[in-house]
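J.: sequence and computational prediction follow.
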Amino acid sequence: MQKTSKDTRIILDPLGYALGAEIRGLDISLPPNQKEVDAINAIWQQHHVIVFRGKRLQASEIVNFAQEFGQLDDHSSTPFYRHKDFPQLLQITNRSIDGRPSETRNTGRNWHSDYSYTGRPAAASMLYCDQRPPIGGDTMFANMVRAYETLSTTMQGIVDNLHAVYDISLTAGLNERDPDKTKEVRLLNPPIAHPAVRVHPRSGKRALYVSERVSHFHGMTRSESRPLIDFLCSHATQPENIYRHVWQEGDLVCWDNRTVMHIALADFDEGKPRHMLRATVLGEQSGFIVGEH
């Protein structure tokens with residue numbers, strides 16, 4: 001069902017039961033004005049994932065649009081994968097970079113929230129599809145507010161008091177990259193503990209903040225933590241809690257990392273190009289560094 005926002009140029013098409021909406025009626029090659037930013041943020045807060053389709057964008061246009069929604073990360077925590085002219089853009093691609101095979105070709109192959117292994121986890125991500133394979137290469141998103149709200153009251157009380165330890169070593173595909181670069185990325189990002197339940201600064205909603213990149217809960221052993229991590233991830237990623245995005249070239253998909261986790265699927269011919277550019281909006285300072293448990 002189409003809905004029209006108070007800004008009559010914006011047409012809203014919900015895409016999924018749990019989350020996801022397409023926004024039409026805006027030219028995103030131009031920086032939005034404040035009224036448009038407010039309208040987009042209201043839709044984003046309600047639907048968690050928003051999609052703009054069919055606009056061929058230059059790297060500079062992606063940056064100009066994204067920076068209207070907050071301070072952009074320069075991706076210094078993963079410095080080897082940045083766009084050469086725009087450090088605000090991360091290249092997620094299976095195309096060669098500087099004549100060498102891309103090291104981000106297998107990025108995102110487990111459930112996660114972006115930059116959860118840093119002291120300022122991403123508030124939002126904006127991923128632009130420049131090239132896609134003919135079939136597959138989809139991305140799935142899980143509504144972590146709904147995941148939290150559908151836990152029992154007793155389980156909510158347990159996770160409310162936990163800190164999840166995020167470890168960049170659990171990033172899918174990391175061990176397949178250049179060993180020297182991988183070592184430096186690990187040094188830049190030691191294990192860090194964040195609250196296992198994240199409160200959204202605008203809506204005040206509570207969202208589960210546990211993913212497959214959590215090694216354990218602070219103060220618990222890995223063997224004690226594992227069954228709970230597995231249960232929470234399985235609970236969050238039930239089919240009724242998922243939106244699956246089938247990419248089209250020219251798509252800009254934006255998600256709120258405080259209320260969503262996602263996974264990039266390997267369901268495509270990796271001999272075909274898949275080239276994405278991601279802008280990342282910095283989140284609030286969070287967490288504390290921990291030693292290995």
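T.: Done, it's in.

J.: burial check on A124, number of neighbours?
T.: As a burial measure, A124 scores 24 neighbours (other C-beta atoms under 10 Å). Yep, even glycine has a C-beta here, placed from its N, CA and C like the rest.

J.: for the closest residue to it other than its chain neighbours, name its beta-bridge partners.
T.: Nearest residue to A124, sequence neighbours excluded (C-beta to C-beta, 6 or more residues apart in numbering): V281, at 4.1 Å. Beta bridges link V281 to L72, A124 when assigned by DSSP bridges.

J.: wait, what's in contact with V281?
T.: A66, F69, G70, Q71, L72, D73, A122, A123, A124, S125, M126 (C-beta atoms under 8 Å, 6 or more residues apart in numbering).

J.: so the second one touches N41, yeah?
T.: What it means is F69. Yes: if you go by C-beta atoms under 8 Å, F69 and N41 touch, sitting 7.3 Å apart.

J.: more neighbours, these two?
T.: F69 (18 against 15).

J.: for G70, which non-adjacent residue is closest in space?
T.: Excluding its sequence neighbours, the residue lying closest to G70 (C-beta to C-beta, 6+ apart) is V281, at 4.0 Å.

J.: next one: that neighbour from S125, what distance?
T.: Going from V281 to S125 by C-beta to C-beta, to the nearest Å gives 7 Å.

J.: any common contacting residues for the two?
T.: Counting by C-beta under 8 Å, 6+ apart, V281 and S125 have no common neighbour.

J.: now for the closest residue to F80 other than its chain neighbours, how many residues are close by?
T.: The shortest distance from F80 to any non-neighbouring residue, by C-beta to C-beta, 6+ apart, is to K181 (5.0 Å). Look at K181: counted by other C-beta under 10 Å, it has 15 neighbours.

J.: wasn't K181 part of a helix?
T.: Yes: assessed by DSSP: H, G, I helix; E, B strand; the rest coil, K181 belongs to a helix.

J.: so it touches Y81, yeah?
T.: No: at 9.0 Å, K181 does not count as touching Y81 under the criterion of C-beta under 8 Å.

J.: show me where the protein has its helices.
T.: 34-47, 59-66, 144-149, 153-159, 179-188, 222-236 (DSSP state H).

J.: list the buried residues for the last one?
T.: Looking back up the chat, that one is helix 222-236. Neighbour-count burial for helix 222-236 flags S225, L228, I229, L232, C233, H235, A236 (criterion: 16 or more other C-beta atoms under 10 Å).

J.: distance to G20 and pLDDT added to the residues you listed, as CSV?
T.: What follows is the buried residues of helix 222-236, written out as CSV (distance: C-beta to C-beta, whole Å; pLDDT from 0 to 100):
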residue, distance to G20, pLDDT
S225, 31, 98
L228, 28, 98
I229, 26, 98
L232, 22, 98
C233, 20, 98
H235, 19, 98
A236, 16, 98
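
J.: list just the nearest of the residues you listed to W255.
T.: A236 (14.3 Å; C-beta to C-beta).

J.: dump the residue contacts of K272.
T.: The neighbourhood of K272, defined by C-beta under 8 Å, 6+ apart, consists of P133, P134.

J.: any idea how far it is from R109?
T.: From K272 to R109 the distance is 17 Å (C-beta to C-beta).
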